Structure formats: structure tokens, C-alpha cells
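A.B. asks: Attaching a predicted model along with its sequence, questions to come.
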Amino acid sequence: MRVLIVDDEATIRRTTLLAVKSMGHEPFEAPTGSRALKLLDEEPCDVCFLDLKLANEDGLEVLGRLQKAFPEVAVVMFTAYATIATAVEAMRRGAFDFIPKPFTPDQIRQVLDKIGKTRRLEKKVQQLESQLAAEAPASEFVSGEASVQKTMEIAFKVAETPATVLILGPSGTGKSVLARELHQRSAQREASFVTVNCPSLSRELLESELFGHVKGAFTGAVTETFGKVAAADGGTLFLDEIGEMPLEIQPKLLRLLQEREYERVGEPKTRRAQVRVIAATNRTLAEEVKAGRFREDLFYRLNVITLSLPGLKDRPADLMALANSYLAFFAKRLGKTTMTYAPEVLAALTHYSWPGNLRELRNVVERAVILAKSTVVQLDELPDDFRLKTDASVAVGARVTLEELEAEHIKRVLAVSRNLDDAAKILGIDPATLYRKRQKLGLV
């Protein structure tokens, strides 16, 4: 944390500064309340140690000005006049805590630890509120597909380490959901999970969003910001769609990954941050490197552990399990009773190609639950695309060959089965025969 020490005694400022610095924080000092307010206007801080009896100022009056101008700063009062009355008054006016003079480094450490813990809890609450706003069932992490099972096993094993992770996959496959799950299973779970959406901003704004900026660094920079790297310090920084990060910013990210160092825009001072980086992209980064749009050294630095999430059309064994999980989730959230799908809906869901992957499935099921007139989701409660595909599908009694009918039946059974053995039992054939038929149909 950045810690401002305000005291009119140079000896107190110096000894407190040394103590704070030895504890891993970044201290700076001011001899007067007026000077402190000016410093805070130029550069924010987390904590302010403020003397109650300054030479020509009343510490409680300075406290009031601090609280009004910088309410986010935790103010701790120093005083040689340690009475219950002054302590209560300082706390009543908004002080975080109160330390009597003379004090020990251990007292400084204790109050800084308490402030740090409070800040982490506040960030955790914000994080949980964000999660609740985008809540989803945990079914994405369970799979009947061997390749997805292996990916999840690797993911949850690497989650416990500080290793950089690169998540690959088409849009809507749950890359951000997996990134958040890795954070929740990591040693940094109590710290912040901070997301940066790389394609959403211009180069200048993205650099500022990542690393922060000083006042006046560019047009519109009327205040100072610390950036999301600082916000993620001690936690996880998730870089979504990193394949679209501008080339000009990539060397700065590489430096952060290699040396844990960075500078805010417009500031020569080097800062440090201990962040665990998880990146995701729907692009093939190796091809981006060949095309000159992505740095090769950054690619190799990110490519420590790579997790690939397939599209939903490549997860036929998971489709109905996910659809049922979403159905139960949204029915419960909307206060409806247990719901099921009509047979025609099951056929429509299994025949659809799902270009939007898990995100599209979630949206389709949520829409169906909202529109459902009973406990059974009907075909007319799905979007038009699904009804058209069902009308054109192969059906019993249609003018199709037995071979076409068999192929269609195998596809549908595979789509609703947990695994190959389960599908083989339903079809009444052994798994080896089913495997050969899948190969013939191009489903392997």
C-alpha cells in the first residue's frame, strides 16, 4: 500500500517511514496537513498516518478535510495525548484507528495489516457482487468428453500454482468462466480477480487501464489512476482476448510477466506488482506471430500452460447435460417448478450447430424458461432457427433410406448420452461397433 506520514517532527516521520518501508509498503511524508492535502491531490494513497497535534494545525480539523476530499484513504491518528476522549472523537470523525505516542513498529504493522485485510474484504465483496450479477451453474467444469475432462484436470492442477495460463477457444466456450474458477482454486483466492477486455479500448486507453496514468499524461487525464495491474496486485489479472492487444503495449506486458515491473503512463517511476496472469483468446496466436501482429517472445512467455476449450458442437456428449443444468438453474432462479424439454425440443437442440457455443445455449435456455407456458419447454418457445432445422430433419416415416435414418438416430443418441459406452447400451451394440460407425459418419 502507499502510506502518507504527516507529522511536524522530522524524527517521527523518518522512523515511521523506515518502519513502513521495511514492511513492504511505499511510504512518503509531509510536515503539515496542507502539504499532505496537496500531495494527495497529486498522487493518491491508501493510508495516512496523521498527527493529532501538528505545529500550527489541528489534526482533527485536517482529518475532516482529508475525509471530505479523499474518503477512500484510511486515516490513522498519532498522538501523545492518548486519552479515551480524543480516541473516540477521532474515530467518530472517520479515523480508521488510533495509535498513541510513543509507538512501536509492531503497532504500525498491526494497524497496516488490519487495513490491508479490510481492503481485501471490500474487494472480495465487490468481486462476489460481480459474480452474483453474472452467476451461472458449475456444469461447465464437468464433461463426458475425454478431451475436455483432461483439460479440466490440467486446469485444476495448475490452478494451485502461480504459473501463467493461456486459455484458447472460440467465443462463448467459457474461457472467462474457467479463468475465474482457476482464481478461486488458487492461493490468491482471497485477493482480487481483475479483468481487462483487450479489444474494448483504444491503444492509449488500454495502456492507461492496465498500468494507470498520472494527471496530465494525455488529453482527458484530469485525475490520477493506479490501473488494473495495481488493483490485481497479490491476485489474478485476466487478459481477455489478448490476441487483439496492440503491438505497442505488448513489450510492457512482457516486462510485467518477466520482471514484475511496470510504469504508469506519464510517470518515469518504476512500480512492482505480484500478479498471476491468465490470458484468453479465440485467435491462433502462432499464426498471429507469423503475421507480425503478436510478439513471439510474449507468445512464448504466455504459453507456459495452454488450455483449449472446444466449441459446443465438438462436445456432443455434454450438450444435453449442459442444457438440463441450465434449465434447472434458470427455473430455480425464476421461481418456477422443475421443468423438462418436449421431445421435439430435444431433437432441435441436438441438431443445432451452436455457433455461439455455451453462451448461446445459456441464452436460448434462459429465453425458453421465461417464455414457457408450462413445466415442459415446447418447440415454439425456442428461436425460429431451431424450428426450421427440426422441420428439415430426418424423421421416421420420411422418404429417406435406412442408412440415413440410422445415421440420424446414432447422432441423436450420441448427443444425449453421457459417454460412448452409454450410447452403445442405448443402441444395443458394443462400443467398438459404435466407434466404427462414428468413424464412418465422420463424428470422431
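C.D. replies: Structure received. Numbering: from 1, shown residues only.

A.B. asks: how about low-confidence regions in the stretch 151-300 of the chain?
C.D. replies: Within the stretch 151-300 of the chain, no stretch falls below the threshold (pLDDT under 70).

A.B. asks: Which residue ranges of it form strands?
C.D. replies: 165-168, 193-197, 236-240, 261-262, 271-272, 276-281 (DSSP state E, counting those that start in this stretch).

A.B. asks: so which of those strands gets nearest residue 124?
C.D. replies: For these, proximity to residue 124 was assessed by CB to CB; strand 193-197 is nearest, at 9.7 Å. For the C-beta atoms, the positions are set from N, CA and C on the backbone; glycine is no exception.

A.B. asks: and of the strands of the stretch 151-300 of the chain, who's closest to residue 226?
C.D. replies: The nearest among the strands of the stretch 151-300 of the chain, by CB to CB, is strand 271-272 at 8.7 Å.

A.B. asks: Name the surrounding residues that touch that closest one.
C.D. replies: 230, 260-264 (CB atoms under 8 Å, 6 or more residues apart in numbering).

A.B. asks: okay, now residue 337: neighbour count?
C.D. replies: 8 (other CB atoms under 10 Å).

A.B. asks: could you pull out the strands for the stretch 1-150 of the chain?
C.D. replies: So, for the stretch 1-150 of the chain - with DSSP E, counting those that start in this stretch - the strands run 2-6, 26-30, 47-51, 74-79, 97-100.

A.B. asks: Just name whatever secondary elements the shortest one is in contact with.
C.D. replies: To tie it back to what came earlier, the one meant is strand 97-100. strand 74-79, helix 84-92, helix 105-133 (3 or more CB pairs under 8 Å, 6 or more residues apart in numbering; DSSP states H and E).

A.B. asks: For the last one, enumerate the helices and strands it packs against.
C.D. replies: In other words, helix 105-133. helix 10-22, strand 47-51, strand 74-79, strand 97-100.

A.B. asks: Now that helix: average pLDDT?
C.D. replies: The average pLDDT for helix 105-133 rounds to 79.

A.B. asks: quick one, phi psi at residue 382?
C.D. replies: phi -100, psi 160 (degrees, to the nearest 10).

A.B. asks: so who does it touch?
C.D. replies: 345, 348, 364, 367-368.

A.B. asks: can you put those residues in JSON lines and add neighbour count and distance to residue 69?
C.D. replies: Output for the contacts of residue 382, formatted as JSON lines (neighbours: other CB atoms under 10 Å; distance: CB to CB, whole Å):
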{"residue": "345", "neighbour count": "22", "distance to residue 69": "59"}
{"residue": "348", "neighbour count": "23", "distance to residue 69": "60"}
{"residue": "364", "neighbour count": "22", "distance to residue 69": "50"}
{"residue": "367", "neighbour count": "15", "distance to residue 69": "48"}
{"residue": "368", "neighbour count": "25", "distance to residue 69": "52"}
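
A.B. asks: right, and the pair among these with maximum separation?
C.D. replies: 348 and 367, at 13.3 Å, using CB to CB across these.
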